[in-house]
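Peer 1: Please work out how this folds:
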Amino acid sequence: MIERVSSVLGVAVLLAIIGSVLYWDYSYRIRIEAASSPNSQH
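Peer 2: Predicted coordinates:
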């Protein structure tokens, strides 16, 4: 039971880290594109 909980927590932490990194990269790319092309603001 404890091993299952720890594995689930490990997967949740991994997903949270990957999600935050992907979100940061996505927002960073949007920021760069907006700065390079101010004409196309969404």
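
Peer 1: C-alpha from now on. contacts and neighbour counts both.
Peer 2: Noted.

Peer 1: average pLDDT across the helix or strand where D25 lies?
Peer 2: Using DSSP states H and E, the element containing D25 is helix 2-36. Mean per-residue pLDDT for helix 2-36: 93.

Peer 1: for it, the distance to its chain's centre please.
Peer 2: How far helix 2-36 lies from its chain's middle: 3 Å, per C-alpha atoms, centre = their mean, to the nearest Å.

Peer 1: again, but for stretch 1-13
Peer 2: 21 Å.

Peer 1: for stretch 26-38, same thing?
Peer 2: Per C-alpha atoms, centre = their mean, the displacement of stretch 26-38 from the mean C-alpha position of its chain is 16 Å.

Peer 1: how about that stretch: buried residues?
Peer 2: Of the residues in stretch 26-38, none is buried under the neighbour-count criterion (16 or more other C-alpha atoms under 10 Å).

Peer 1: Convert it to PDB, retaining C-alpha atoms only.
Peer 2: Extracted in PDB, the C-alpha atoms of stretch 26-38 (Å, rounded to 0.1, in the frame of the first residue of the first chain):
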ATOM      1  CA  TYR A  26       5.000  27.700 -24.300                       C
ATOM      2  CA  SER A  27       4.600  31.100 -22.600                       C
ATOM      3  CA  TYR A  28       8.300  31.900 -23.400                       C
ATOM      4  CA  ARG A  29       7.800  31.100 -27.100                       C
ATOM      5  CA  ILE A  30       4.700  33.200 -27.200                       C
ATOM      6  CA  ARG A  31       6.500  36.100 -25.500                       C
ATOM      7  CA  ILE A  32       9.400  35.900 -28.000                       C
ATOM      8  CA  GLU A  33       7.000  35.800 -31.000                       C
ATOM      9  CA  ALA A  34       5.000  38.700 -29.700                       C
ATOM     10  CA  ALA A  35       8.200  40.700 -29.100                       C
ATOM     11  CA  SER A  36       9.600  39.900 -32.600                       C
ATOM     12  CA  SER A  37       6.300  40.600 -34.400                       C
ATOM     13  CA  PRO A  38       4.300  43.300 -32.700                       C
END
